[in-house]
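A.B. asks: coords please:
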Amino acid sequence: MDTSTKPRFQFRLRVYRDSTIAIGPGKIALLEAILDAGSITAAAQRMGMSYRRAWLLVDELNRSLREPAVESAAGGARGGGTVVTDVGRELIRRYRSIEATARAAAAEDIAAMAGMLAD
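C.D. replies: Residues are numbered from 1 along each chain as shown. A predicted model of the protein is given here:
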C-alpha cells in the first residue's frame, strides 16, 4: 500500500503584538467562517471549537485593531448574530493577498524543495 502523499507547503503569517498573536491563520479562518455562517456559534461549530474559544479569539482580534473586525448584531426574530465589519473583510482580503503573493514569489524555491523530498 502506497502511503506517500504529495507535499503541502503552507505559509502561516502571524502578526504579534507583544506575546499575543494579533492576526494569524486561525483568526482569519474564524473571520471567514463567521462571514459564511453569520454567527460566532455556528462558525465555532463548523471549525470544531467551543463558542468560548471562538469568542476569545474574536475579542483578542478586535482589541488588537483600531476598529473591530466583528460586531454583534441586534437580536431579532432569529436572535441576532454576528457581523464581520468592513475592517474584517479588508483584513481577510489583505491576509489572503499576502499569502498569494508569498506563494507566487516562492514558487520556484517551493518546486525545488519539493523535488528534494523522498517519494
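A.B. asks: backbone phi and psi for residue 9, please?
C.D. replies: Here is the backbone geometry of residue 9 (degrees, to the nearest 10): phi -110, psi 130.
A.B. asks: strands of this protein, start to end?
C.D. replies: Along the chain, counting by DSSP state E, strands occupy 15-17, 20-23, 70-73, 81-84.
A.B. asks: which of those is buried the deepest?
C.D. replies: Of the strands of the chain, the one with the most neighbours on average (mean count of other C-beta atoms under 10 Å) is strand 81-84, at a mean of 20. Where C-beta positions appear, they are placed from N, C-alpha and C, glycine not excepted.
A.B. asks: residue 51 against residue 39, yeah?
C.D. replies: No. Here residue 51 does not reach residue 39: they are 9.5 Å apart, not a contact under C-beta atoms under 8 Å.
A.B. asks: between the two, tell me which one has more neighbours.
C.D. replies: Set residue 51 next to residue 39 and count neighbours by other C-beta atoms under 10 Å: residue 39 wins out with 20 against 14.
A.B. asks: gap between the residue nearest to the spatial centre of the chain and residue 89?
C.D. replies: Most central in the chain under C-alpha atoms, centre = their mean is residue 28, positioned 2.0 Å from the mean C-alpha point. Residue 28 sits 11 Å away from residue 89, going by C-beta to C-beta, to the nearest Å.
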